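> Sharing a model prediction with you, sequence too.
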Amino acid sequence: MAFSVKFLAEVKTDLAEAKKYYLKKGGTLLSEDFKAEINSEIDYIRKFPEHYQVQYQNLRRALVTKFPYAIFYQISENTLIIFAILHTSQEYKKAYKRSK
C-alpha cells in the first residue's frame, strides 16, 4: 500500500531554490531531471517508507540518487510528512527544527 504524502510549506521553497539553481547551471533538461529524480525518490518512499532508518527524533533521511539532495520525512500512520528537501551540504538542523 502506498502512503499519502504531505509537504510542509517550506518544502516548496526548498524545491524552488534547487530547481532555480539547476535551471541556471544546466538549463531546462537538468532542472527537469532534478524534478524527476525527486519525484522518483518520493514514489519509492511512498512504497517503502521504512526503508530508511530514523536519523533523529523519528525523522528519516532518504538520499536522492543522481543529485546531492536528501529528503527528510516522518511516518505518521498512513501518511508521509516531508519536512525538508535539502542539499547535502546544508545544515541538517534546518530539517530537524521543522519537525518539532
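Arrived safely, thanks for sending.

> Just the element for the nearest residue to residue 30 once chain neighbours are set aside, please.
Counting by Cβ to Cβ, 6 or more residues apart in numbering, the nearest residue to residue 30 once its immediate chain neighbours are dropped is residue 22, at 4.8 Å. Placement of C-beta: from N, CA and C, glycine included. In the assignment (DSSP states H and E), residue 22 maps to helix 9-47.

> same question, residue 5
Taking DSSP H and E as the definition, one finds residue 5 inside strand 4-7.

> Check which helices and strands that strand sits against.
helix 9-47, strand 79-87 (3 or more Cβ pairs under 8 Å, 6 or more residues apart in numbering; DSSP states H and E).

> Try it again at 6 Å.
The criterion is 3 or more Cβ pairs under 6 Å, 6 or more residues apart in numbering; DSSP states H and E, and the helices and strands that strand 4-7 contacts are strand 79-87.

> Not counting the strand it packs on itself, show me its contacts.
Outside of strand 79-87, the residues that reach it under the criterion Cβ atoms under 6 Å, 6 or more residues apart in numbering are 3-8, 11, 14-15, 49, 68-74, 95, 98-99.
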